[in-house]
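1. Following is a predicted model, sequence given first.
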Amino acid sequence: MMAQHPWLAAFKVYAHPRVAGMLFLGFSSGLPLLLVLGTLSFWLREAGIDRATIGHLSWVGLAYGFKWLWAPLVDRLSLPLLTRWLGRRRAWLLLAQITLVAALLGMANTDPSINLQPMIYFALAVAFASATQDIALDAYRIEAVTQEKQGAMAATYQAGYRIAMITAGAGVLWIASAVDTTPTAYDFMPWHVAYTAMAAFMAVGILATLLISEPELAPNPIAAQEATEVHDALVRRGLQGRTLRAASWVYTAILSPFMDFIRRFGWQAALILALIAIYRISDVVMGVMSNPFYVDMGYSKDEVATVSKVYGVVMTIVGAALGGVLTAKMGVMRTLFLGAVLSASTNLLFVWLAGLGHDVSALVFTVSADNLSAGIASSAFVAYLSGLTNTAYSATQYALFSSVMLMLPKFIAGFSGDFVDAYGYADFFTGTALLGVPVLLLVWLVARQANARI
């Protein structure tokens, strides 16, 4: 019998049932993101909102950066009735998804040109519910398969995530364009119809949540021993009854996950957190102004939908699958380094695009290259974060890592509109590429400390 080619064997990991199942959960996770960030910025710009305000409104995305604050609740708190019916992870998923439907309908019925403040509140509700969904979903993903399958799990998750981004990006623009009877002037009705359709698409996530099963985890002996020791120590201090139970829960649910991370990595924890904090900085900062850039360059909704939200997202899916395979063959750190190089360098293509003006062919090339690199980087990064997580505290620790990943980039991105107004798009895109240079040094330092080769 002929031996199977090692690369073909590597691809077969995608046939694993739980790896394949992440496609639908990834869709549920990816749908809300653009609806409060990229697609919303297109809507706001078309509605006449200035670039500086759009940049500041991107701080809505900081909800994802602070999700570690309520991650311990998602990790440990049972929901009345829902937890007994669905299990801990699925209960929180369903609650978040129902909230998302309600908040998206609120956005769909609000015209930002005359009611900007209510739009902000609904967008915040979407962001908080989406972040809560991500907490529970990340914990499920980490707990569902072993470490060697995490790269493929991340790639499949990214594929579903990016399909959802096609839906939330191109889908919204296509629907709005089809309904729009006045393409040369702003009209609220097309956006109302498009966002109502997106709320309906959340049914995919709700159905997936109802069909999946909870991961079956063996009790963690270290966590159980720690809980016993904490309980005994608090008893010796005189605590009892509800006070004892509350104090024990706070310690094991909130303090223990962070202390565990510090114990396992020591002083290297600071280096790891620094890498996490800036790894995606080039993409995140650039992404806030990409849609306003397309509007200002004269691209229509149909052009942006076809090129940026379809070709681009398809290339991201290809990149995510390639990143999963590269992670399995080359290792996480090498793929992480490659992703960082590509993510920063492809931002320079937007400088070239800004000089050309309205050129659809150049837009196809630029967006395709940029999104391919983003897919590779995302798969490697998700696999890296998953490997740092202790399954005893999966939801809280992964929420910490993914929150750190977004806080600094999202904060800086809030000033992107002011920067473009002052210096122009070319200098802005050049600056976002330069932001990626320190990432390469940190990847090398972390790999060196972990005795991994790049």
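-> Structure's in. What do you need? Numbering: from 1, shown residues only.
2. Next, Ile212: phi, psi?
-> phi -70, psi 160 (degrees, to the nearest 10).
3. repeat for Asp180
-> phi -70, psi 120.
4. what sits against it?
-> Shown here is Asp180, whose contacts under the criterion Cβ atoms under 8 Å, 6 or more residues apart in numbering are 187, 189-190, 301. C-beta coordinates here come from the backbone N, C-alpha and C atoms, glycine included.
5. and which of those residues is nearest Ile262?
-> Lys301 (48.6 Å; Cβ to Cβ).
6. Whichever of the contacts of Asp180 end up buried, select them in PyMOL.
-> The PyMOL command for the buried members of the contacts of Asp180 (criterion: 16 or more other Cβ atoms under 10 Å) is given here:
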select buried, resi 187+190+301
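7. Let's have the contacts of Asp180 in a markdown table, adding secondary structure and pLDDT.
-> Output for the contacts of Asp180, formatted as a markdown table (DSSP: H, G, I helix; E, B strand; the rest coil; pLDDT from 0 to 100):
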| residue | secondary structure | pLDDT |
| --- | --- | --- |
| Asp187 | coil | 87 |
| Met189 | helix | 92 |
| Pro190 | helix | 91 |
| Lys301 | helix | 78 |
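8. Select, from the contacts of Asp180, the two members most distant in space.
-> Met189 and Lys301 (14.1 Å).
9. And the helices in the stretch 251-400 of the chain, which stretches?
-> 256-265, 268-278, 281-296, 301-306, 312-330, 332-345, 348-356, 360-388, 394-413 (DSSP state H, counting those that start in this stretch).
10. just so I know, which of the ones you listed lies nearest Asn109?
-> Of the helices of the stretch 251-400 of the chain, the one closest to Asn109 (Cβ to Cβ) turns out to be helix 301-306, at 20.6 Å.
11. ok, residues contacting that closest one?
-> Contacts of helix 301-306 (Cβ under 8 Å, 6+ apart): 42, 169-171, 173-174, 176-177, 180, 183, 291, 294, 360, 363.
12. Reformat the residues you listed as TSV; add pLDDT.
-> Output for those, formatted as TSV (pLDDT from 0 to 100):
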residue	pLDDT
Phe42	85
Gly169	81
Ala170	79
Gly171	87
Leu173	87
Trp174	86
Ala176	89
Ser177	86
Asp180	82
Pro183	72
Asn291	80
Tyr294	87
Val360	89
Leu363	91
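13. Show me just the buried residues among those.
-> Here, 16+ other Cβ under 10 Å leaves 42, 169-171, 173-174, 176-177, 180, 291, 294, 363 buried among these.
14. Greatest separation within the residues you listed: which pair is it?
-> Across the buried ones among the contacts of helix 301-306 (Cβ to Cβ), the longest gap, 21.1 Å, separates Asp180 and Leu363.
15. Burial check on Thr196, number of neighbours?
-> For Thr196, the count of nearby residues is 15 (other Cβ atoms under 10 Å).
16. Go ahead and confirm it touches Ala108.
-> Yes. In this structure, Thr196 is within contact of Ala108 by Cβ atoms under 8 Å, at 4.4 Å.
17. any idea which helix or strand carries Pro80?
-> Following DSSP states H and E, there is no helix or strand that holds Pro80.
18. related to what we said a few turns ago, distance to Ala103 added to the helices of the stretch 251-400 of the chain, as CSV?
-> Formatted as CSV, the helices of the stretch 251-400 of the chain follow (distance: least, Cβ to Cβ, whole Å):
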stretch, distance to Ala103
helix 256-265, 28
helix 268-278, 28
helix 281-296, 21
helix 301-306, 23
helix 312-330, 23
helix 332-345, 31
helix 348-356, 32
helix 360-388, 25
helix 394-413, 19
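19. These: which one's closest to Thr99?
-> Short answer: helix 394-413, nearest of these by Cβ to Cβ, at 17.3 Å.
20. what angle sits between the very next helix or strand once past the closest one and helix 281-296?
-> The helix or strand immediately downstream of helix 394-413 is helix 416-423, counting by DSSP H and E. Counting by axes from the mean of the first three to the mean of the last three Cα atoms, to 10 degrees, helix 416-423 points 70 degrees away from the direction of helix 281-296.
21. tell me the mean pLDDT for helix 416-423?
-> Per-residue pLDDT over helix 416-423 has a mean of 89.
22. who's in contact with Ser177?
-> If a contact means Cβ under 8 Å, 6+ apart, then Ser177 has 183, 190, 300-302, 305 as its contacts.
23. Distance to Ala129 added to those, as JSON lines?
-> Below are these laid out as JSON lines (distance: Cβ to Cβ, whole Å):
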{"residue": "Pro183", "distance to Ala129": "33"}
{"residue": "Pro190", "distance to Ala129": "25"}
{"residue": "Ser300", "distance to Ala129": "32"}
{"residue": "Lys301", "distance to Ala129": "27"}
{"residue": "Asp302", "distance to Ala129": "30"}
{"residue": "Ala305", "distance to Ala129": "25"}
